[in-house]
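K.L.:
return a 3D structure for these sequence lines:
(2 chains)
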Amino acid sequence: MAHGPATLADGWRAYISRWVFTTNHKDIGTLYLWFSFAMFLMGGAFAMVIRAELFQPGMQLIRPEFFNQMTTMHGLVMVFGAIMPAFVGLANWMIPLMIGAPDMALPRMNNLSFWILPFAFAILTSTLFMEGGGPNFGWTFYAPLSTTYAPESVNFFIFAIHIMGASSIMGSINIIATVMNMRAPGMTYMKMPLFVWTWVITAFLLVAVMPVLAGAVTMMLMDINFGTSFFDAAGGGDPVLFQHVFWFFGHPEVYIIILPAFGVVSQIIPTFSRKPLFGYSSMVYATAAIAFLSFVVWAHHMFTVGMPIAGELYFMYATMLIAVPTGVKVFNWITTMYKGSLTFETPMLFSIAFVILFTFGGFTGLMLSIAAADMQYHDTYFVVAHFHYVMVAGAVFSGTAAIYYWLPKWCGKMYNETMGQVQFWVAFIGFNIAFMPQHFLGLAGMPRRYADYGLQFADWNMVSSIGAFIYGGAQIMLLYNVIATIRNGKPTTEEKTWEGAEGLEWTVPSPAPYHTFEKPPEFK
Amino acid sequence: MSTDASNRRVVVKSLFGAAGMFAFAIFVLPPMYDLFCEITGLGGKTGDEYTAVDVRVDTSREVRVRFLASNNASMPWVFKPTKDSVVVHPGEPTEITYFAHNVTDQDMVSQAIPSLVPNNVADYFHKTECFCFENQPLAAGDQADLKLVFIIDPDLPAGVNSVTLSYTIFDITDRAADPIAQL
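P.N.:
Numbers count the residues shown, from 1 in each chain, chains lettered A, B, ... in the order given. Got it, this is the predicted structure:
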């Protein structure tokens, strides 16, 4: 058997080599998680700049040009740098442990898919320091704003997106191969933990749509540099085509973000309800149904481009249809809790908040799906509020829940429960103060992506900014909690950290040894 | 089958899938979109050169055709229709002109891109002659009347009494010299 991983005691050189050349799924999972947290703080800092500028009407702190770069970079960094790599990190850590595999199926590719990411984000972030500034066209980078009128740095942005896409595709292939080929004997597909199920479906989505995003930015690249006219009306192209291609990627992308979050919550709620998950197979089918539907609803993001009424109706009804499998999932989570022996440790608090706030965000999504009403809501703060309820209270809350839930397994130390719960309440309250008022602002007609606003929007914007600062502070508390746990947490060696936890990851010692399941476990 | 071999199969299949989706995005989606717009008449793109086959003129109906002109952001020419609107009978060929003046001191090439509202009438608006079918070069300081002959189809849906045709003129001087654009 190989010797253990290099530690700081072996010298810096050995320690750095360990992380750079590692093919161990736990190391790579850790790298992904720390990287995504760093990106989360950077994207959060951009958000703080935005909210500080919007604290009062008028221009206070920054110039509108820089504001536009902040909104764009906030979106790009949070989606591609924070949320997606965080869940890939969780997948790396947990999927082999959950299915009883010794490692991921393709460990070297795993190393590559992580280590190209820091370069992608170094390139993307460096554009902020270039002449003409960074991307300023919104994270959806609609043409011709991102082609004809883009800053010079757009080529760096395009290249960064290509690298991120390559990383995601490699990571997904790895997950698909691991789940298909490396399950412990006896673990049939319909016995896999739900986190594994949601991730394998997500991986298929990623393989299908990341190339479409790569195609979209490639067409932009050719329009800008090689004289083609995909999106340029002067040469017979059409900017609306860009929106179709983008959202053909973009809608599945939002499920790529949320499906693993569903998986995490489906692991945590049964643990703290001390009951098996209600309706396991309906959860699997609902996830698959959501993934399938995500491919046929993209144009609900663009009701205002001038579609025929039949198209609007189709996209409206198809979008509403997604509420059915999503409703099945929410029903199952609630029914799992029903008559369970509930306890409310930090992961459970975050999971319950997830169910409540995600459902809230789902309902505002239903409001937006009504084509006629969307004419009013389109591109207002109502949309901003909606997608932050599903992305932040959805994906980020579930990711935070996952960190508290599995942290004892990762580092063999228990976090401080009081500190965890305090962090939860600060995050929960801060989040709602930040984003609830944005619904009102949007319904009152405040458009998104502007550096300034009319006086009638002043009060709620101030409230929203205060909430955003509180929520930002909660993330510093999370960082503190994690570091404090790793350094000074109460050691725990129990295999089963949580009384009600089920699954193979709770049969290995805590902290999980560097190599696990070198002999496949027997799964009943 | 060994795990290694089945892993390799998954990798190969997935990479093929990913490459296929990339090709789909670049080579299939844009033509599909154009085809869809052509079939539905969306996007207000008018058809190519039309040869009149129907000489039937429906004098019982009058349709007002309005003309608009706009310049793309970087286009310095003066560009405007010589008439704001005309009233025509469906089936009757009508000639109008757009005035263009290259006010710069450089020879330039332009391209006009049409757009028609309401969207669903694009199929009923025929152009037998149009400056928009070709590039329009103008030497420095030159001006020209650009000719357009159109026929409103007698089958124009009953509720439509007015049609607006808009041209946006683009500067394609660089592109016209660019070999890729000539492909």
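K.L.:
run a quick neighbour tally on A:M192.
P.N.:
22 (other CB atoms under 10 Å in any protein chain shown). To be clear about C-beta, it is placed using only N, CA and C from the backbone, and glycine gets the same treatment.
K.L.:
leaving out chain neighbours, which residue sits closest to it?
P.N.:
A:I99 (6.5 Å; CB to CB, 6 or more residues apart in numbering or on different chains).
K.L.:
distance-wise, check the one you found relative to A:K191.
P.N.:
10 Å (CB to CB, to the nearest Å).
K.L.:
up against chain A, what does chain B have?
P.N.:
Contact residues, chain B versus chain A (CB under 8 Å from any CB of the partner chain): B:3, B:6-7, B:10-11, B:14-15, B:17-26, B:29-30, B:33-34, B:37, B:40, B:42-43, B:72-73, B:111, B:113, B:119-120, B:168, B:170-172, B:175, B:178, B:180-181.
K.L.:
got the contact list for residue 67?
P.N.:
All of this is about chain A. By CB atoms under 8 Å, 6 or more residues apart in numbering or on different chains, the residues touching A:F67 are A:49-50, A:53, A:451.
K.L.:
ah, no, chain B please
P.N.:
Applying CB under 8 Å, 6+ apart, the residues near B:F67 are B:81, B:83-85, B:96, B:98, B:164-167.
K.L.:
report the buried members of these.
P.N.:
B:81, B:85, B:96, B:98, B:164-167 (16 or more other CB atoms under 10 Å in any protein chain shown).
K.L.:
leaving out the residues flanking it, which one is nearest to the closest residue to chain A within chain B?
P.N.:
Using CB to the nearest CB, the closest approach of chain B to chain A is made by B:A25 at 2.7 Å. Distance criterion CB to CB, 6+ apart; nearest residue to B:A25, sequence neighbours excluded, is A:G215 at 2.7 Å.
K.L.:
now the one you found: which helix or strand?
P.N.:
Using DSSP states H and E, A:G215 sits within helix A:194-225.
K.L.:
buried sites along that helix?
P.N.:
Those would be A:194-224, for helix A:194-225 by 16+ other CB under 10 Å.
K.L.:
over to stretch B:134-145?
P.N.:
Result for stretch B:134-145 [16+ other CB under 10 Å]: buried residues B:136, B:138, B:144.
K.L.:
again, but for stretch A:63-79
P.N.:
A:66-79.
K.L.:
chain B: which of those residues is nearest?
P.N.:
A:N68 (17.8 Å).
K.L.:
do I have it right that that closest one meets A:Y450?
P.N.:
No: assessed by CB atoms under 8 Å, A:N68 is found out of contact with A:Y450, at 9.1 Å.
K.L.:
tell me the contacts of residue 74?
P.N.:
Chain wasn't specified; assuming chain A. A:43, A:46-47, A:50, A:139.
K.L.:
other chain: chain B
P.N.:
Here B:S74 is in contact with B:D171 (CB under 8 Å, 6+ apart).
K.L.:
can you classify it by secondary structure?
P.N.:
coil (DSSP: H, G, I helix; E, B strand; the rest coil).
K.L.:
contacting residues for A:M462?
P.N.:
Contacts of A:M462 (CB under 8 Å, 6+ apart): A:55-56.
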